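A.B. asks: Return atomic coordinates for the entry below.
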Amino acid sequence: MRNILKDGRFQRLLPWGLLAVAAMGLSAIFALAIFNNVERQKHNSLRLLLEKGAALIRSFEAGTRAGMGGLQRQEFRLQRLLSETALQPDIVYLIVTAADGRVLAHSEVAKTDSLHGADLDLRALQGPERLNWRRITGTDGAEVFEVYRRFIPSLPPMGRHGMHRPRLHDPAGPVSPPDDENLEGSRFIFVGLDLGPVAAVERAEVRNAIVTGAGLLLAGVGGIVLVFLGARYSQARTSLSRIQAFSDKLVASMPLGLLAMDSRETVTSFNPVAATLLRLPAVYLADRPVAAVLPAAVLTVLDRLRGESRVVETEVALAGENGSTRFLAVTATALKDETGRPAGSLLLFKDLTDVRALRQEIERHRRLAAVGRLAAGVAHEIRNPLSSIKGFATYFRDRYAAVPEDDKIARIMIQEVDRLNRVVSHLLDFARPVRVSIKPVDLGAFLGDSLKLVESQALAGGITLQLDCSPMVAPVLLDPDRISQVLLNLYLNALDAMADGGRLTVTAGLDEARRLVRISVADTGKGIKPADLGQLFDPFFTTKGSGTGLGLAIAHNIIEAHGGEIRVDSHPGRGTCMSLLLPQKRALHDGKEPG
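C.D. replies: Below is the predicted model:
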């Protein structure tokens, strides 16, 4: 073996070995194609025979009806019709049997009263529309294609009371439509067709397929030889350029960011995705030291790679726009040349910002589901003792009304019990599935009415109310009671954020392209801390001293029940804008289709 490799004979023999393998592969392909073609022709032939048998049965039944019509009240005998029909070419026999296989009529009169199909469970056959077939060997040793089913030549005429009366007779008695529940009177028809012509066609098809396949095989092998010889001639000249073009296309098209550097840690190659993820122009990355272009968080990954000399996978956080944070999955690996010496490094980047947001949303929904189940159970358990406590507190207040200190304590107890009852009610509202009742609403009038609910409170706090609603061609679809509850919660939060006065602006409009209604509630208050934005809609999270932390959680559930979403845009010291996006003309969560 070593001698073969050493003198190059292996390289000379390899192409011919590949050619032999290719020839065997083509042979297998063509053999499979020939087999499939023959089987298809065979299937088509059997299907044609089945259709012919079905047509003969229908013709025979039609002939039976015609014979009945012609003879009127005379008995119509099946034997003559069977004998005449069986004279057609390719028909071996026509048989009508009873359910036990006894031959009632046969195209060969001598075989009447014999048995046929006794090996079949004729009683199990379905209705007359279902054909059955089998291949059997005839008495002369020839193959016969037999089609059979239940035989109902006609329906008997109607009687005086709407009942059918049998009129058709055969040598064994009346032939009437069998009752599906009583098959004793059923008749079955068998049509035997000669398979000889079909077998001859099959043999001819096999011969033609073999000749065609052999010719195609020779042509294919010849083509492979020509292609192989041509490929060997040009392979040395084109292999390097093809590999280079493929690698460039692969790097440019891959959905991951890729950045390669040499042993001096200078950027040698990168793709557009890497420039986009790093928020750097492509001209800025080319041939620059990585220390000058990569963020500090990514450089720490390279430091770990130098120390560990293996693949490093980690996640890094980068500053995004408007104070947001982007998360990247970074994979770093060392490159080595053919001698094993370091040749540089390779970095792969993947944006995980949306993935992390989705994970957080899933986790939030999991927590909310757990809290909802807990709240539903705890709320019912708390309400009963609260009612008792309130009753006793009311009793002590009335009994010790003359004692100021006792009266004050009793009133405080009642107030606290009422506060707990409100919290329990909010818990139950949060735990229950939200059902919405969609109605067409004039959005401008609806928002104007909702602002009147806080008009006096805003006036007392020195806050200006402003409504800016673009004209709507048609009413919008929403649940006015639920959306009013959401808006009232947003209004009250906005008023609490503007303790020193300000302006509360409500804007609304219709996005025709996305079929969305946008309602925005903006204030000029103190804003929301970035650290609190991710917890706004969590139950029991509140920045108020007296809040329950369930208002926004319930509002979020209501908007989700509408199939919409709440977006928050807040800047500490400058105010907050809460936007409700409600879809129009789409299926909602309660299964109704608005409009």
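
A.B. asks: Name the nearest residue to residue 350, ignoring sequence neighbours.
C.D. replies: With sequence-adjacent residues excluded and distances taken as C-beta to C-beta, 6 or more residues apart in numbering, residue 350 is closest to residue 329, at 4.3 Å. Yep, even glycine has a C-beta here, placed from its N, CA and C like the rest.

A.B. asks: Bridged to the one you found, which residues?
C.D. replies: Beta-bridge partners recorded for residue 329 (DSSP bridges): residue 315, residue 350.

A.B. asks: from here on, count from 2
C.D. replies: Right, with 2 as the first residue, what we last looked at is residue 330.

A.B. asks: what's the pLDDT at it?
C.D. replies: As predicted, residue 330 sits at a pLDDT of 87.

A.B. asks: Would you check that it makes contact with residue 354?
C.D. replies: No - using C-beta atoms under 8 Å, residue 330 makes no contact with residue 354, being 10.4 Å away.

A.B. asks: Quick one, grab the pLDDT at residue 587.
C.D. replies: For residue 587, the model assigns a pLDDT of 46.

A.B. asks: ok, now residue 466?
C.D. replies: On pLDDT, residue 466 comes in at 91.

A.B. asks: any idea how far residue 333 is from it?
C.D. replies: 56 Å (C-beta to C-beta, to the nearest Å).

A.B. asks: neighbour count winner among the two?
C.D. replies: Remark: of residue 466 and residue 333, residue 333 carries more neighbours, 22 against 17, as counted by other C-beta atoms under 10 Å.

A.B. asks: In a strand, that one, correct?
C.D. replies: Yes - assessed with DSSP: H, G, I helix; E, B strand; the rest coil, residue 333 lies in a strand.

A.B. asks: That one: what's it in contact with?
C.D. replies: Counting by C-beta atoms under 8 Å, 6 or more residues apart in numbering, residue 333 touches 302-303, 305-306, 312-314, 346-349.

A.B. asks: so can I have JSON lines of these showing distance to residue 554 and secondary structure?
C.D. replies: Output for those, formatted as JSON lines (distance: C-beta to C-beta, whole Å; DSSP: H, G, I helix; E, B strand; the rest coil):
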{"residue": "302", "distance to residue 554": "39", "secondary structure": "helix"}
{"residue": "303", "distance to residue 554": "44", "secondary structure": "helix"}
{"residue": "305", "distance to residue 554": "41", "secondary structure": "helix"}
{"residue": "306", "distance to residue 554": "45", "secondary structure": "helix"}
{"residue": "312", "distance to residue 554": "43", "secondary structure": "coil"}
{"residue": "313", "distance to residue 554": "41", "secondary structure": "strand"}
{"residue": "314", "distance to residue 554": "37", "secondary structure": "strand"}
{"residue": "346", "distance to residue 554": "47", "secondary structure": "strand"}
{"residue": "347", "distance to residue 554": "46", "secondary structure": "strand"}
{"residue": "348", "distance to residue 554": "42", "secondary structure": "strand"}
{"residue": "349", "distance to residue 554": "39", "secondary structure": "strand"}
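
A.B. asks: Now a ChimeraX select for only the buried ones of those.
C.D. replies: Buried subset of those, written as a ChimeraX selection, criterion 16 or more other C-beta atoms under 10 Å:
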select :302,303,306,313,346,347,348,349
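
A.B. asks: Just give the nearest non-adjacent residue to residue 500, would you?
C.D. replies: Among residues not flanking residue 500 along the chain, residue 462 sits closest, at 7.4 Å (C-beta to C-beta, 6+ apart).

A.B. asks: Could I get the full set of helices for the chain?
C.D. replies: Secondary structure of the chain (DSSP state H): helices at 3-8, 10-72, 79-86, 197-254, 273-278, 283-286, 291-294, 297-309, 354-400, 405-432, 444-453, 456-461, 481-498, 552-562.

A.B. asks: The ones you listed into TSV, with extra columns for distance to residue 140 and mean pLDDT?
C.D. replies: Conversion of those to TSV gives the following (distance: least, C-beta to C-beta, whole Å; pLDDT from 0 to 100):
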stretch	distance to residue 140	mean pLDDT
helix 3-8	67	48
helix 10-72	19	72
helix 79-86	17	74
helix 197-254	15	73
helix 273-278	78	82
helix 283-286	87	74
helix 291-294	91	83
helix 297-309	87	80
helix 354-400	75	75
helix 405-432	81	75
helix 444-453	88	89
helix 456-461	104	88
helix 481-498	83	89
helix 552-562	77	84
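
A.B. asks: what's the closest of those to residue 98?
C.D. replies: Among those, helix 79-86 comes nearest to residue 98, with 11.4 Å by C-beta to C-beta.

A.B. asks: rewinding a little: columns distance to residue 583 on top of the helices of the chain, output as CSV?
C.D. replies: Putting these into CSV (distance: least, C-beta to C-beta, whole Å) gives the following:
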stretch, distance to residue 583
helix 3-8, 75
helix 10-72, 57
helix 79-86, 73
helix 197-254, 39
helix 273-278, 33
helix 283-286, 41
helix 291-294, 44
helix 297-309, 39
helix 354-400, 19
helix 405-432, 20
helix 444-453, 10
helix 456-461, 24
helix 481-498, 8
helix 552-562, 7
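
A.B. asks: buried stuff in stretch 99-109?
C.D. replies: 99-100, 102, 104-108.

A.B. asks: and what of stretch 449-458?
C.D. replies: So, applying 16+ other C-beta under 10 Å, buried residues of stretch 449-458: 451-452, 455.

A.B. asks: Considering the residues you listed, which is situated nearest to residue 132?
C.D. replies: Using C-beta to C-beta, the shortest approach to residue 132 within these belongs to residue 451, at 70.9 Å.

A.B. asks: which residue packs closest to the closest one, ignoring adjacent ones?
C.D. replies: residue 488 (4.8 Å).

A.B. asks: List the contacts of that neighbour.
C.D. replies: 448, 451, 507, 520, 522.

A.B. asks: The fourth one contacts residue 578, correct?
C.D. replies: Yep, that's residue 520 we're talking about. No - counting by C-beta under 8 Å, residue 520 sits too far from residue 578 to count as a contact (11.0 Å).

A.B. asks: Show me which of the two is the more surrounded one.
C.D. replies: Neighbour totals were compared for residue 520 and residue 578, and residue 520 leads with 25 against 16 (other C-beta under 10 Å).

A.B. asks: quick one: which of the contacts of residue 333 is nearest residue 136?
C.D. replies: Nearest to residue 136 among those, counting by C-beta to C-beta, is residue 349 at 63.1 Å.

A.B. asks: So that closest one versus residue 256, what's the distance?
C.D. replies: Distance from residue 349 to residue 256, counting by C-beta to C-beta: 11 Å.

A.B. asks: next one: residue 97
C.D. replies: Distance from residue 97 to residue 256, counting by C-beta to C-beta: 71 Å.

A.B. asks: do the same with residue 397
C.D. replies: When distance is defined by C-beta to C-beta, residue 397 is 71 Å away from residue 256.

A.B. asks: residues near residue 367, how many?
C.D. replies: Counted by other C-beta under 10 Å, the residues lying close to residue 367 total 10.

A.B. asks: which residues touch it?
C.D. replies: Residues counted as contacts of residue 367 (C-beta under 8 Å, 6+ apart): none.

A.B. asks: before we move on, the earlier item: which of the buried residues of stretch 99-109 sit farthest apart?
C.D. replies: 100 and 108 (20.4 Å).

A.B. asks: in the stretch 52-201 of the chain, which spans are strands?
C.D. replies: With strands called from DSSP state E, counting those that start in this stretch, the stretch 52-201 of the chain shows them at 92-99, 104-107, 133-138, 144-151, 170-171, 174-175, 188-195.

A.B. asks: Relative to residue 291, which of those is closest?
C.D. replies: If you check each of the strands of the stretch 52-201 of the chain against residue 291 by C-beta to C-beta, strand 133-138 wins as the nearest, at 76.1 Å.

A.B. asks: Thanks again, I'm all set now.
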